[in-house]
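Engineer: just a sequence and a predicted model for now, questions to come.
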Amino acid sequence: MSQAPSPYARLMDTILTDPPVPLPSRLAVGELARASVSAVSSAIASLSPGLGRPLPLDADQVAAAYGSERHLRLDGAGISGFAPLSGFWPTADGWVRTHGNYPHHATALCEALGLPASAARDDVSDALRAREAAPAASAVREAGGVCVLVSREDPAADAALRRHPLTEVSPLADSRPRRIPGAEESAPLAGVRVLDLTRVIAGPVATRTLAFAGADVLRLDPPQRPEIPWQHLDTGHGKRSALLDIAADRPRFDALLADADVVVLGYRPDGLRRLGLEPRTLAAVHPQLIVAQLSAWHGAYSPRGFDSIVQADCGISWIESSDGRTPGALPAQALDHSAGYLLAAGIMTALRRRGEAGGSWYVRTSLRRVAAELLGMRRTPTAAPMPAAAARTQEFDVAGTRVTTVAPAVRWQGGPEMFRAPRPWGGDAAEWW
């Protein structure tokens with residue numbers, strides 16, 4: 001079988017009877033979260049018969065993991081998940097949503113609106129109120145920023161997306177079987193090497209999950225694009241972090257790739273082409289490699305995108321509106337977190353298939369495909385209030401900063417209770433241990 005089934009085929013009949021995951025929403029966010037985390041537990045159990053038996057999920061801990069940034073503390077202080085130039089904005093004829101957490105995206109937004117890079121939120125608000133939504137969003141994207149219309153849902157488009165696998169797992173090339181080197185209860189992915197070329201929640205959640213299961217994960221970032229510090233500490237658990245310009249130092253990257261079992265890609269299609277990282281190109285050179293791809297959008301549509309941007313584009317923001325006039329949002333970055341867990345489960349499925357039948361395998365999901373799944377699930381007229389999740393947390397010292405983060409949501413018999421600490425961003429050598 002070339003494609004992994006949706007976890008909902010196995011789980012949807014049971015999750016409605018479990019304690020609800022406290023993520024209040026008109027949409028079935030709690031059910032989506034439970035199913036996505038459960039998909040990882042099921043994938044771990046399938047890696048080695050007799051090892052990794054799934055344990056019942058803690059509904060509170062699943063909810064806390066999905067809202068992990070709310071529980072993150074750096075030397076006791078909380079963080080703000082969105083920068084001042086990220087958010088909803090009224091325009092002359094509608095609403096747009098922007099994402100300006102990264103400085104280069106905020107600068108592009110200001111440039112497109114004819115504002116200085118130092119522009120304040122009120123300046124951006126005034127500039128957008130004077131423009132129509134569609135031309136404004138287009139201008140921001142053309143300048144290299146991130147902006148979409150806040151649109152109504154399109155049920156036909158969502159139904160069409162649901163005809164595609166939620167997580168695609170398909171063969172890329174033939175090769176002899178290659179098993180996971182040293183599976184054990186506490187670390188079923190021990191000996192698996194993962195190159196992580198992702199950032200911003202979804203990809204890092206996937207690779208954090210692989211590291212939690214014992215994989216050796218090496219995250220590579222371009223030195224010219226610093227990561228947001230809190231974002232790395234929120235999702236960098238158990239991984240090493242190195243700086244490497246792939247285009248400028250391709251021989252070094254190729255040497256790392258030659259010894260990798262998995263590469264996880266977060267670049268948009270034009271970036272993959274420019275860097276020679278298209279999945280089939282990689283598989284032709286490395287016929288035992290698992291190539292995993294995470295994107296905001298499904299198919300050829302490939303502007304820059306984040307969870308909040310996809311929510312606005314696909315209609316979720318209007319469904320979650322409290323008054324029908326002002327857009328709203330899900331109670332967590334649920335598209336990101338679900339995509340991360342589902343991608344991790346798909347990678348484990350591909351590793352198992354490589355061990356059984358050989359070959360290079362392609363694993364893919366997208367935030368937009370996850371959104372279509374959520375939009376096809378049950379709804380309620382209002383977001384029923386729920387008690388706040390009682391989160392288990394853990395503390396680390398990372399380069400002199402006391403970091404408090406949420407403990408893992410994934411659980412299996414014999415597995416670890418806590419994450420290994422994040423390492424300082426960019427502080428490791430770009431080499432395998």
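Structural biologist: Received the coordinates, thanks.

Engineer: how about the strands in the stretch 151-300 of the chain?
Structural biologist: In the stretch 151-300 of the chain, the segments counted as strands under DSSP state E, counting those that start in this stretch are 168-173, 193-197, 216-221, 240-243, 262-265, 290-295.

Engineer: do you know which of these lies nearest A255?
Structural biologist: Of all the strands of the stretch 151-300 of the chain, the one in closest proximity to A255, counting by Cβ to Cβ, is strand 193-197 (11.2 Å). In short, each C-beta sits where N, CA and C put it, glycine included.

Engineer: any chance you could list what contacts that closest one?
Structural biologist: Here strand 193-197 makes contact (Cβ atoms under 8 Å, 6 or more residues apart in numbering) with 203-204, 207, 210-211, 215-220, 239, 246, 256-257, 259-267, 277, 432.

Engineer: would you turn the strands of the stretch 151-300 of the chain into a markdown table with mean pLDDT and mean neighbour count?
Structural biologist: Formatted as a markdown table, those follow (pLDDT from 0 to 100; neighbours: other Cβ atoms under 10 Å):
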| stretch | mean pLDDT | mean neighbour count |
| --- | --- | --- |
| strand 168-173 | 96 | 20 |
| strand 193-197 | 98 | 24 |
| strand 216-221 | 97 | 24 |
| strand 240-243 | 97 | 20 |
| strand 262-265 | 98 | 24 |
| strand 290-295 | 97 | 27 |
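
Engineer: R129 is nearest to which of these?
Structural biologist: Nearest to R129, of these and by Cβ to Cβ, is strand 290-295 at 31.9 Å.

Engineer: just the CA trace of the next helix or strand after that closest one, in CSV.
Structural biologist: Next helix or strand after strand 290-295 toward the C-terminus (DSSP states H and E): helix 307-314. Provided in CSV are the C-alpha atoms of helix 307-314 (Å, rounded to 0.1, in the frame of the first residue of the first chain):
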residue,chain,number,x,y,z
ASP,A,307,-1.1,28.8,10.8
SER,A,308,-2.9,32.1,11.5
ILE,A,309,-2.6,33.0,7.8
VAL,A,310,-4.2,29.7,6.7
GLN,A,311,-7.0,30.1,9.3
ALA,A,312,-7.8,33.5,7.8
ASP,A,313,-7.6,32.3,4.2
CYS,A,314,-9.8,29.2,4.5
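
Engineer: tell me the mean pLDDT for helix 307-314?
Structural biologist: If you average the pLDDT over helix 307-314, you get 98.

Engineer: any regions of the stretch 51-200 of the chain where pLDDT drops low?
Structural biologist: Applying pLDDT under 70 to the stretch 51-200 of the chain flags residues 182.

Engineer: now with 90?
Structural biologist: When residues are selected by pLDDT under 90, those of the stretch 51-200 of the chain lie in 51-54, 180-186.

Engineer: how about the stretch 201-350 of the chain?
Structural biologist: Ranges of the stretch 201-350 of the chain meeting pLDDT under 90: 269-270, 299-303.

Engineer: P20: neighbour count?
Structural biologist: Residues lying near P20 (other Cβ atoms under 10 Å) number 16.

Engineer: wait, it sits on M386?
Structural biologist: Yes: P20 lies in contact with M386 (Cβ atoms under 8 Å); the separation is 6.9 Å.

Engineer: include distance to A83 when you put the strands of the stretch 151-300 of the chain into CSV, please.
Structural biologist: Shown next, in CSV, are those (distance: least, Cβ to Cβ, whole Å):
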stretch, distance to A83
strand 168-173, 33
strand 193-197, 24
strand 216-221, 19
strand 240-243, 22
strand 262-265, 25
strand 290-295, 22
